[in-house]
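S.K.: Sequence and predicted structure are below.
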Amino acid sequence: MKVVTAQEMREIDRRTIEEIGIPGAVLMENAGLSVFNLIRDLTKGFTPESFKIAVFAGKGNNGGDGLVVARHLWNAGYKVTVYLLAQPEAFSGDAALNLRIAQKLGVPMKTILSEEDLERISEELEGVDVVVDAIFGTGLKGRSGVWRRRSSSGSTS
């Protein structure tokens, strides 16, 4: 396995799509299916419906990958909920395609746009067995390593 930077990964994706001709939707399907297969392999020996899975999906391609994962989990009988971190209208391209597919299949979804939304769903996140992080991909911009955390007094640090 080779570790690449975000810029190198974007270039690999670009060349795969533009020069080789593999559509982005196919790459997204393959990525999501690989994660689904890993979860299925790790939960082998248990019934799928005994697992509660949360997929957190951003509006970009990484979120689209997560929607593919959620679709396959849903079809296999897992209890999965997708938590969208943007309005559905903000999704575009292949991510929007996979959002529409998951919606048409009835995959449960909730939108989280504020701290209040997160507080509203915090109870249902208790007991989640698997969390799929499909929030940030190679398009993440900003300072890395700087996180704000809420203290018990409600202030941020």
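M.R.: Here it is on my side, so go on. Residues are numbered from 1 along each chain as shown.
S.K.: mind showing which ranges of the protein have poor pLDDT?
M.R.: Scanning the chain for pLDDT under 70 picks out the ranges 139-157.
S.K.: all strands of it, in order?
M.R.: 52-57, 79-84, 109-111, 130-134 (DSSP state E).
S.K.: Turn the ones you listed into CSV, including distance to Asn30 and mean neighbour count.
M.R.: Quick note: C-beta positions are derived from backbone N, CA and C, even for glycine. Shown next, in CSV, are the strands of the chain (distance: least, Cβ to Cβ, whole Å; neighbours: other Cβ atoms under 10 Å):
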stretch, distance to Asn30, mean neighbour count
strand 52-57, 17, 23
strand 79-84, 19, 22
strand 109-111, 23, 15
strand 130-134, 15, 18
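S.K.: Can I get those strands in TSV including distance to Leu38?
M.R.: Below are the strands of the chain laid out as TSV (distance: least, Cβ to Cβ, whole Å):
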stretch	distance to Leu38
strand 52-57	12
strand 79-84	15
strand 109-111	22
strand 130-134	10
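S.K.: which ones are touching the residue nearest to Ile101 when sequence neighbours are not counted?
M.R.: Distance criterion Cβ to Cβ, 6 or more residues apart in numbering; nearest residue to Ile101, sequence neighbours excluded, is Arg71 at 6.3 Å. By Cβ atoms under 8 Å, 6 or more residues apart in numbering, the contact set of Arg71 is Gly32, Asn98, Ile101, Ala102, Leu105, Val107.
S.K.: go again using 10 Å as the cut-off
M.R.: 29, 32-33, 36, 55, 80, 82, 98-99, 101-102, 104-105, 107 (Cβ atoms under 10 Å, 6 or more residues apart in numbering).
S.K.: swap in Leu84?
M.R.: The contact partners of Leu84, taken as Cβ under 10 Å, 6+ apart, are 55-59, 63, 66-67, 90-91, 99, 102, 109-113.
S.K.: ok, 8 Å please
M.R.: Listed by Cβ under 8 Å, 6+ apart, the contact set of Leu84 reads Ala57, Lys59, Gly63, Leu99, Met109, Lys110, Thr111, Ile112.
S.K.: Run through the residues that contact the closest residue to it other than its chain neighbours.
M.R.: Excluding its sequence neighbours, the residue lying closest to Leu84 (Cβ to Cβ, 6+ apart) is Thr111, at 4.7 Å. Neighbouring residues of Thr111 by Cβ under 8 Å, 6+ apart: Tyr83, Leu84, Leu85, Ala86, Gln87, Pro88, Asp117.
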